[in-house]
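Asks: let's see this in three dimensions:
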Amino acid sequence: MLKIGLTGGIGAGKSTAAALFRARGVPVIDSDVVAREVVEPGQPALRALRERFGESVVKDGELDRAELARIAFVDAESTRALNDIMHPAIAQRTAELFAEQAGTGTVVHDVPLLAENSMEDDYDLVVVVDVPAEVRLQRLVQLRGMDEADARQRILRQASDDQRKSIADVVLDNSGTPEEFEEQFEEAFQSVIQPAARKARGSQPGR
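Replies: You can find the predicted model right below:
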């Protein structure tokens with residue numbers, strides 16, 4: 001199996017790249033989706049959050065994310081407690097999803113904070129969707145309606161553009177048109193990703 005880590009700064013357009021992978025039959029494991037799954041009603045992580053942070057973080061049986069954030073990010077100890085609950089649950093569910101794709105030639109893992117968490121060695125290839133920070137800021141404000149100060153702070157809390165590119169095997173520039181981006185993607189898919197997938201299949205025992 002060829003494991004691809006897909007990342008990019010907020011507003012860069014990772015979801016567009018993920019959709020292009022899916023359109024070519026490549027399964028994508030979305031970290032954001034996994035993080036929501038592990039706190040669904042009945043999940044052990046939700047019970048653990050209730051036990052640690054109190055009944056107020058669960059409303060009508062579901063996680064109240066705003067209330068959890070208000071409590072969990074008040075100090076370093078609470079944030080560590082949140083991470084100690086969430087990270088193992090996410091890791092376990094992610095491992096299960098990879099195991100379900102064991103017979104698949106290529107799997108993409110969409111990870112927003114791949115660079116920030118130094119996860120590049122977990123993948124055979126790292127694909128970075130790149131858009132300059134100032135362009136991403138404009139898009140977040142104009143297209144998503146985010147407050148400019150909030151958007152700027154979110155960008156500053158993430159890795160820099162140069163840090164992400166430094167760990168990339170493939171950099172996809174998404175500052176142009178959707179058509180230009182898809183052309184870049186297709187070129188990288190044909191010239192880098194498919195050859196790497198064939199090489200990975202060829203190195204498997206018994207192949």
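
Asks: against residue 178, how distant is the residue most central in space within the chain?
Replies: Residue closest to the average C-alpha location in the chain (C-alpha atoms, centre = their mean): residue 111, at 2.0 Å. According to C-beta to C-beta, to the nearest Å, residue 111 stands 23 Å off from residue 178. (Glycine included, C-beta is placed from N, CA and C.)

Asks: how far does the lengthiest helix in the chain sit from its chain's centre?
Replies: In the chain, taking DSSP state H as the definition, the longest helix is helix 76-100. The chain centre lies 14 Å from the centre of helix 76-100; the measure is C-alpha atoms, centre = their mean, to the nearest Å.

Asks: and it, what's buried?
Replies: Buried residues in helix 76-100, counted by 16 or more other C-beta atoms under 10 Å: 81-82, 85-86, 89-90, 93-94, 97-98.

Asks: just checking, what packs against whatever helix or strand comes next after that helix?
Replies: With elements assigned by DSSP states H and E, the helix or strand that comes after helix 76-100 is strand 106-110. For strand 106-110, the contact count by 3 or more C-beta pairs under 8 Å, 6 or more residues apart in numbering; DSSP states H and E identifies strand 2-8, helix 14-23, strand 28-30, helix 31-37, helix 76-100 as packing neighbours.

Asks: and the contacts of the shortest one?
Replies: Translated: strand 28-30. 6, 18, 21-22, 94, 97-98, 101, 107-110 (C-beta atoms under 8 Å, 6 or more residues apart in numbering).

Asks: and if you look at the first one?
Replies: Under the contact criterion C-beta under 8 Å, 6+ apart, strand 2-8 has outside partners 14, 17-18, 21, 26, 28, 98, 105-115, 119-120, 122-131, 164, 174, 193, 196-197, 200.

Asks: my read is that residue 85 contacts residue 50, right?
Replies: No: Residue 85 lies out of contact with residue 50 (C-beta atoms under 8 Å); the separation is 10.3 Å.

Asks: thinking again about what came up before, mean pLDDT and distance to residue 66 added to the helices and strands packed on strand 106-110, as CSV?
Replies: Converted to CSV, these look like this (pLDDT from 0 to 100; distance: least, C-beta to C-beta, whole Å):
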stretch, mean pLDDT, distance to residue 66
strand 2-8, 97, 26
helix 14-23, 97, 23
strand 28-30, 97, 22
helix 31-37, 95, 14
helix 76-100, 94, 14
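
Asks: figure out which of the ones you listed is closest to residue 45.
Replies: helix 76-100 (4.0 Å; C-beta to C-beta).

Asks: also compute the angle for the closest one relative to strand 106-110, please.
Replies: Angle between the axes of helix 76-100 and strand 106-110 is 160 degrees (criterion: axes from the mean of the first three to the mean of the last three C-alpha atoms, to 10 degrees).

Asks: just want the angle from helix 76-100 to strand 2-8.
Replies: With the same axes, to 10 degrees as the basis, helix 76-100 and strand 2-8 are set at 140 degrees to each other.

Asks: quick one: distance of stretch 96-113 to the chain centre.
Replies: 12 Å.
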